[in-house]
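# Fold the following, please.
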Amino acid sequence: MTNRTRTNALLLAGFCAFLFLYGLGQFGLIGADEPRYAQVAREMLQRRDWITPVLYGQPWLEKPPLYYWQAMITYSIFGVSDWSARLPSALDATLLVLAIYFFLRRFRPEFELEGALIAASSAGVIGYARAASMDMALTAAFTIGMLGWWAWRESGKRSYLAGFYGCVALGMLAKGPVALILAVLVIVLYAVAAREFNLAFKTLWPPGILLFCGIALPWYFAVQMRNPNFFHAFIIEHNLDRFSTNLYHHPEPFWYYLPVTALALVPWTVFVIAAFAEAGRSRWGSRKSPGSGEIASENQLDVFASCWLVAPVLFFSISQSKLPGYILPSIPAGALLLVEYLRQHLLKDKGASVAKGLAVLHGLLASAPIVPALLIAYLVTQHRLPAGRPMLMALAIAFVLCSGIALTLVRASGLRMLRFITLIPVVITVGAVLRRGSPAIDQTLSARPVAEEISAIQTRPLPLAVYHVRRELEYGLSFYRNQVTFNYDWGTVPQQEHLLVAPENSQVEIAKLVAGRRVSYLGHYAAQRLDYFWIAAAGTGSR
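Take a look at the predicted model:
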């Protein structure tokens, strides 16, 4: 191992450990999906069932099993916890970064570290690497598959094509047919852009198709045999209906994914846009020969990366149901696109500098996240940024970093410093969120402290119910207490003695809902404005 390789390995290990793994359990599971997916994996492990996803003892067929399988393994090794539920995504993100590194080391040597660190430090990758969800599993499998496809196209080696088919199959197990659809869209879009119209047909390799079927289809057949309603629940409702209707109430405008993609690419957004624009110019302005439609060989990868970046955004923009994580598979393409931009500019001019306007815009966007990161406790608890000294200090730090980045980029060889100076605000931002924001996030957005308080005040195990609370809290309580949470809003008022979590000052409403039963106030959780009650069993009277 050369000194350069050893240094690269240490840098990648350090950044992946910090960006993806450090403080993974500093705050509890948040949102509805994290605790729900974590609980499904726990119940599958308890039942020793690797086929049917189960939630609260009932089949839960909304998602394929890859994340559940990964979480079951981490639970088996480390025990069930919020951080072990997030660990699969962190490891998937690390695999994604390593795949980009080795791909660029083979096909774009000397720029492998840049590409890997750009991908690792993108906001979308960092965020979903720290979430117990399917999105990172899909993105990692899809990214490795598309890198394999391009490696096959450039080298002709069928082993790369086999890797493409195998990874798309894993994507099918991560989130369903969307992995195959996106792969087809990227390849067809590139074939059209490159005027290589037979490329899509060349990709259809019978042994690869068999490999894809051998990996992806056995679970689909097995789960359908055990659960006859699987096809309707998963394919019809959670794929076709989710795409074509607003069945799950996630409507957004057509242009929704433009700002979402821009935010997911932070802090590299400005340069990725510049690279995308340059790739477009190279597509129409750079040809092998006059009148030829073929792309010059040095411009082929950036056009492929552009097609990869655009395809998921276009596809999901058409969907009637939109969530931010859907376009995560686009983000690694932004890293490849930026690497090609850097490579082409630095090969032409070793001392390349950056235009002042581009340098200032990049400095602003790279340093801006530091302000909300330093003030995240205010944002989470008060839903606003504070005035006065805290804001002035945060703005001053951001200004110093912005100035330093811009001044460095406009100097000779400034472009060579892009990776180093941009990673500085990334590290500060992530560190600030974890250090300053974790307690506030945990107390106000997670069910973990609520579950701990309930455990502290109850004298014996009792059923738990909720009334008029966020569904995030309901799912979170079910995970942290490992029990079904009854919901008064759905008419499921337990007849037996139980505990109830409800919004503060809701005693009168609760008394009406359990008329004739004794109700005792147990305590208050101020951070989420919740009250706890003990409810007597039905038929025992109010005294």
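# Ramachandran angles for residue 520?
When read as degrees, to the nearest 10, the backbone of residue 520 gives phi -120, psi 130.
# give me every residue that touches it.
Applying Cβ atoms under 8 Å, 6 or more residues apart in numbering, we find residue 520 in contact with 533-534. Any C-beta I mention is one placed from the backbone N, CA and C, and that applies to glycine too.
# Is the closest residue to residue 181 other than its chain neighbours in a helix, a strand, or coil?
Among residues not flanking residue 181 along the chain, residue 315 sits closest, at 7.1 Å (Cβ to Cβ, 6 or more residues apart in numbering). When classified by DSSP: H, G, I helix; E, B strand; the rest coil, residue 315 comes out as helix.
# Against residue 327, how distant is residue 315?
9 Å (Cβ to Cβ, to the nearest Å).
# do the same with residue 96
15 Å.
# Distance of residue 193 relative to residue 304?
Here residue 193 is placed at a distance of 8 Å from residue 304 (Cβ to Cβ).
# For these two, work out which one has more neighbours and name it.
Between residue 193 and residue 304, residue 304 has the larger neighbour count (other Cβ atoms under 10 Å), namely 27 against 19.
# Now do the same contact list for that one.
150, 186, 190, 194, 336.
# tell me the secondary structure for it?
For residue 304, the assignment made with three-state DSSP gives helix.
# Then the one 5 residues further on?
The local conformation at residue 309, judged by three-state DSSP, is helix.
# Please enumerate the helices of the stretch 1-150 of the chain.
Along the stretch 1-150 of the chain, the stretches classed as helices by DSSP state H, counting those that start in this stretch are 3-16, 33-47, 66-78, 82-107, 112-120, 123-129, 135-155.
# Any chance of those helices in TSV with mean pLDDT and mean neighbour count as columns?
Shown next, in TSV, are those (pLDDT from 0 to 100; neighbours: other Cβ atoms under 10 Å):
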stretch	mean pLDDT	mean neighbour count
helix 3-16	91	14
helix 33-47	96	22
helix 66-78	98	19
helix 82-107	97	22
helix 112-120	96	25
helix 123-129	97	23
helix 135-155	96	25
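# got the contact list for residue 498?
Taking Cβ under 8 Å, 6+ apart, we find residue 498 in contact with 462-465, 486, 534-535.
# May I ask which helix or strand of the protein has the lowest mean pLDDT?
Within the chain, no helix or strand scores below helix 242-244, which has a mean of 70 by mean pLDDT, DSSP states H and E.
# ok, then the element right after it?
Per DSSP states H and E, the first helix or strand lying C-terminal to helix 242-244 is helix 257-264.
# excluding its backbone neighbours, what's nearest residue 177?
Ranked by Cβ to Cβ, 6+ apart and with sequence neighbours excluded, the top spatial neighbour of residue 177 is residue 239, at 6.3 Å.
# Give me the distance between that neighbour and residue 475.
Per Cβ to Cβ, residue 239 is found 22 Å from residue 475.
# When those two are compared, which one has more neighbours?
residue 475 (23 against 16).
# I figured that one hits residue 37, correct?
No - using Cβ atoms under 8 Å, residue 475 and residue 37 do not qualify as a contacting pair, with a distance of 9.4 Å.
# Could you pull out the strands in the protein for me?
In the chain, the segments counted as strands under DSSP state E are 54-55, 58-59, 464-466, 485-487, 498-503, 519-525, 530-535.
# And the first one, what does it pack against?
When contacts are defined as 3 or more Cβ pairs under 8 Å, 6 or more residues apart in numbering; DSSP states H and E, strand 54-55 packs onto helix 33-47.
# Tell me the pLDDT of residue 385.
Turning to residue 385, the model gives it a pLDDT of 83.
# Spatially nearest residue to it (excluding sequence neighbours)?
Of all residues not flanking residue 385 in the chain, residue 375 sits nearest, at 5.6 Å (Cβ to Cβ, 6+ apart).
# got the contact list for residue 69?
residue 50 are the contacts of residue 69 under Cβ under 8 Å, 6+ apart.
# if we can go back for a sec, which of the contacts of residue 304 fall in helices?
Judged by DSSP state H, those include 150, 186, 190, 336 as members of helices.
# and the gap between the residue nearest the centre of the chain and residue 420?
Centroid-nearest residue in the chain: residue 128, 2.6 Å away (criterion: Cα atoms, centre = their mean). From residue 128 across to residue 420, the span is 25 Å (Cβ to Cβ).
# quick one: stretch 31-47 to chain centroid distance?
For stretch 31-47, the separation from the chain centroid amounts to 17 Å (computed by Cα atoms, centre = their mean, to the nearest Å).
# let me fix that: stretch 260-276
For stretch 260-276, the distance to the chain centre is 16 Å (Cα atoms, centre = their mean).
# who's in contact with that stretch?
Residues contacting stretch 260-276 (Cβ under 8 Å, 6+ apart): 118, 121-125, 127, 302, 306, 309, 313, 324, 327-328, 330-331, 334-335, 337-338, 340-341, 358, 361-362, 365-366, 369, 418, 422, 425-426.
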